[in-house]
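Undergrad: quick one, structure for this:
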Amino acid sequence: DVASKRTSYRLYKNLIGDDGRIYICSGKNFFSFESNGSIAWTVHLNYTCNSNIAPINGGSKKIYLVAENRVLKIYPLRIGTSEAAVELFFGPTQFTEKPEDIIGISASISSSCVLINVKNRGLFAYRLHGQLLWSAGPVLYQHGFRQGCRKNITECYFTSSPVIDHCEASIFMCNTVGELYSLSVRGPYFKWIQDLSSFGNKFIVTPGNNGRLYVTVPGTGVVLALDVSTGNILWRGDVGPLSSADYEPVVDSNGWISFGSLDGSFYSFSPTGDLKRFPRSASLNSVIQTEMEGKAFQTAAEYVRVSALKPKSVAFTLLVPSSGSIYLSESDPGKILYKLSQSDLQHFVIDERTLLAFFAVSSNERTIVLFLLIESVILVLVAALVQRCCVFWKKKKLQSQNLGKFLEKRRSLRSQKKAYDRMIYEIEEKAASDEAVANEVLERLSDLVKEREDIKRKLSTSYSLGRDDYGEKARSSKSALPLYDEKTRSYSIKGSKNESVTVFHTVSDSSSNTSSASEDDEYEEESDGEKSKGKAHVENSSDDEDGIRESG
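TA: Numbers count the residues shown, from 1 in each chain. Just a heads-up that it's a prediction; the model follows:
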């Protein structure tokens, strides 16, 4: 009774959905699990699920699964509503004979079709709403020539699930005599047939979606890479003994195909055939990522049988084969296992595939949170950069001249400012050390400070890297020396003996108007002639109206 109960509650092959849930069938029930192991919803089926065929995603929130030589269509969005959540998509009717076994199914969302391989009958392509598109058998006569089943036509049929290469819009199938087919998704047309009977007649086909098609011979551990366009063999590799005849390798986004072997190693091949083995040191007492109490090998002809005893511990590792970077490694995942054992999964018997699926989904949640956090920071930085660029390109100076002239003018102004800073510093040092300061020196110092302030104003407004800022804000900014307004300006110097000298310079109305006009003109291009003219004008005005007050 206990054995039958465990068998009835055994979880079969699973599907990880786009919503982060895990969909698994058990007996006549179809379950949707959350990543923490709790059951989201359950649908009762009238037929027993096929334990060897995993559910597939049909797009538009629909799932297809095989149960008793039938293909059922499940609508997750109808769960809990008055509409039927399960429909018969493909299966025998009262007018047909005894149905044949369904070997495998697949779905092409881009082509809006479901592919069903029926033993001894062939491959059927159906629209998502159930209309038959086309069908094809392992033998096709084209231009008077027979294609397929070259060695044996009487007992030849497709033996694998349809495998779709979404980049090439091709379907790949194997038959009983060791031939590999490439068919078109759009119709029963053979692109090429490759005879692989020298390697056996049992293959696992994996699409690379990168111009490569990977074929694994599970009995011998041979890995072949084929060109999807021609079927030619590009390279061959070898891995350690695999756990089962239906072992399915995985291909990442970089096109690397990876295997977990019973010899305790993790094999990864690049699209060009380069092999990386993890861990690099041999582990004699481990099976894949599970450390065992003991292990024995038996070699018979080309086959290797591995016998392993009780496992000691389990290690979960998340790595990138192309670079060897390890993102996550947990040698004692007690928290995860305990959490799952306290969930609804405690009522089921699960294998390593199901356990790895839950671990992958829980790891993805942490990765997604980190990704969203990084993405938010990047978006904020990009938004700030875009706003800065928009403000910069709205400047009037950039609209009247190109970027090169603008930056050249800005560099020229910065160089002039440095030169004025140096000259002002030298005059201040000279004035501070000499008690007798001549009027010409003070006048020269005041003019230099004034011209430096003009350059600062241009660098902070029309030639700045930010937005244009004119008007009262620019005029009323509190500057250092000199201190001046519309009529009067002053300059102070403190000597070495704590003596201070204050210069008051009152400008005439005509010169004041000229000075104000030159300040308001943000786009005036300075020239040597204009500078000399302005300096001479200041000198003439100072002869008439300047006054000097000295206090100690």
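
Undergrad: quick one, grab the pLDDT at residue 512.
TA: Among the per-residue scores, residue 512 holds a pLDDT of 42.

Undergrad: helices and strands around the longest helix seen in the chain, which ones?
TA: Taking DSSP state H as the assignment, the helix of the chain that covers the most residues is helix 352-393. Contacts of helix 352-393 with other secondary structure elements, assessed using 3 or more C-beta pairs under 8 Å, 6 or more residues apart in numbering; DSSP states H and E, are made with strand 14-16, strand 22-26, strand 316-320, helix 334-341. (C-beta placed from N, C-alpha, C; glycine too.)

Undergrad: what lines up beside the first one in the sheet?
TA: Partners of strand 14-16 in the sheet, by DSSP bridges, are strand 22-26 (antiparallel).

Undergrad: I'd like the next helix or strand past the partner strand.
TA: Using DSSP states H and E, the helix or strand that follows strand 22-26 towards the C-terminus is strand 29-33.

Undergrad: and that next one, what does it pack against?
TA: Under the contact definition 3+ C-beta pairs under 8 Å, 6+ apart, strand 29-33 sits against strand 22-26, strand 39-44.

Undergrad: pull the residues that contact it.
TA: Contacts of strand 29-33 with the rest of the structure, by C-beta atoms under 8 Å, 6 or more residues apart in numbering, involve 11, 21-25, 39-45, 49, 55, 65, 74, 76, 86, 344-345, 358.

Undergrad: got the angle for that strand vs strand 22-26?
TA: In this structure, strand 29-33 runs at an angle of 160 degrees to strand 22-26, with axes from the mean of the first three to the mean of the last three C-alpha atoms, to 10 degrees as the basis.

Undergrad: could you list the paired strands of strand 29-33 along with their orientation?
TA: Strand partners for strand 29-33, identified by DSSP bridges, are recorded as strand 22-26 (antiparallel), strand 39-44 (antiparallel).

Undergrad: okay, the ones you listed, which one's buried deepest?
TA: Burial among the strands paired with strand 29-33, expressed as mean neighbours by mean count of other C-beta atoms under 10 Å, is greatest for strand 22-26, which shows a mean of 23.

Undergrad: quick one: contacts of it?
TA: Outside strand 22-26, the residues touching it (C-beta under 8 Å, 6+ apart) are 8-17, 30-33, 35, 45, 49, 51, 55, 63, 65, 67, 348, 354, 357-358, 361.

Undergrad: so in that sheet, which strands flank the longest strand belonging to the chain, and in what orientation?
TA: The residue-count maximum for a strand in the chain (DSSP state E) belongs to strand 187-195. Sheet neighbours of strand 187-195, with direction, are listed as strand 179-184 (antiparallel) (DSSP bridges).

Undergrad: returning to what we had before: among the helices and strands packed on helix 352-393, which is nearest residue 439?
TA: Using C-beta to C-beta as the measure, strand 316-320 is the one of these that comes nearest residue 439, at 76.5 Å.

Undergrad: so for stretch 64-81, mean pLDDT?
TA: Per-residue confidence for stretch 64-81 averages out to 93 on the pLDDT scale.

Undergrad: what are the buried residues along that stretch?
TA: Buried residues in stretch 64-81, counted by 16 or more other C-beta atoms under 10 Å: 64-76.

Undergrad: any chance you could list what contacts it?
TA: Counting by C-beta under 8 Å, 6+ apart, stretch 64-81 makes contact with 25, 28, 30, 32, 41, 43, 45, 47-50, 53, 55-56, 58, 61-63, 83-92, 99-102, 105, 107, 114, 116, all of which sit outside it.

Undergrad: so residue 348 makes contact with residue 27?
TA: No: applying C-beta atoms under 8 Å, one finds residue 348 not in contact with residue 27, separated by 10.5 Å.

Undergrad: find residues that contact each of these two.
TA: Shared contacts of residue 348 and residue 27, counting by C-beta under 8 Å, 6+ apart, come down to residue 9.

Undergrad: what's the local residue count around residue 125?
TA: The local packing of residue 125 (other C-beta atoms under 10 Å) involves 23 other residues.

Undergrad: average model confidence for the helix or strand hosting it?
TA: Remark: residue 125 resides in strand 122-127, with elements defined by DSSP H and E. For strand 122-127, the per-residue pLDDT values average out at 94.

Undergrad: that one vs strand 179-184, what angle?
TA: Using the same axes, to 10 degrees, strand 122-127 lies at 20 degrees relative to strand 179-184.

Undergrad: widest-spaced pair of the buried residues of stretch 64-81?
TA: When those are compared pair by pair using C-beta to C-beta, the farthest-apart members prove to be 69 and 76, with a separation of 23.6 Å.

Undergrad: could you pull out the helices for the stretch 351-500 of the chain?
TA: With helices called from DSSP state H, counting those that start in this stretch, the stretch 351-500 of the chain shows them at 352-393, 396-400, 403-433, 439-460, 472-475.

Undergrad: could you check how far the residue nearest to residue 423 when sequence neighbours are not counted is from residue 433?
TA: The shortest distance from residue 423 to any residue that is not its chain neighbour, by C-beta to C-beta, 6 or more residues apart in numbering, is 5.7 Å, and that residue is residue 448. When distances are taken as C-beta to C-beta, to the nearest Å, residue 448 and residue 433 turn out to be 18 Å apart.

Undergrad: looking at these two, which is more packed in?
TA: Summary of the neighbour comparison: residue 448 and residue 433, criterion other C-beta under 10 Å, with residue 448 having more neighbours (17 against 9).

Undergrad: for that one, give me its contacts.
TA: By C-beta under 8 Å, 6+ apart, the residues touching residue 448 are 420, 423, 424, 427.

Undergrad: make it 10 Å
TA: 419, 420, 421, 423, 424, 427, 482 (C-beta atoms under 10 Å, 6 or more residues apart in numbering).

Undergrad: from those residues, which is closest to residue 453?
TA: residue 482 (7.6 Å).

Undergrad: mind pulling up the pLDDT for the closest one?
TA: What the model reports as pLDDT for residue 482 is 48.

Undergrad: can you check residue 84 too?
TA: Here, the pLDDT recorded for residue 84 equals 92.

Undergrad: now it. Nearest residue, chain neighbours left out?
TA: residue 78 is the one closest to residue 84 (C-beta to C-beta, 6+ apart), at 6.9 Å.

Undergrad: can you tell me how far that neighbour is from residue 372?
TA: In this structure, residue 78 and residue 372 are separated by 30 Å, where distance is defined by C-beta to C-beta.

Undergrad: and if you look at residue 425?
TA: 53 Å.

Undergrad: right, I'll leave it there.
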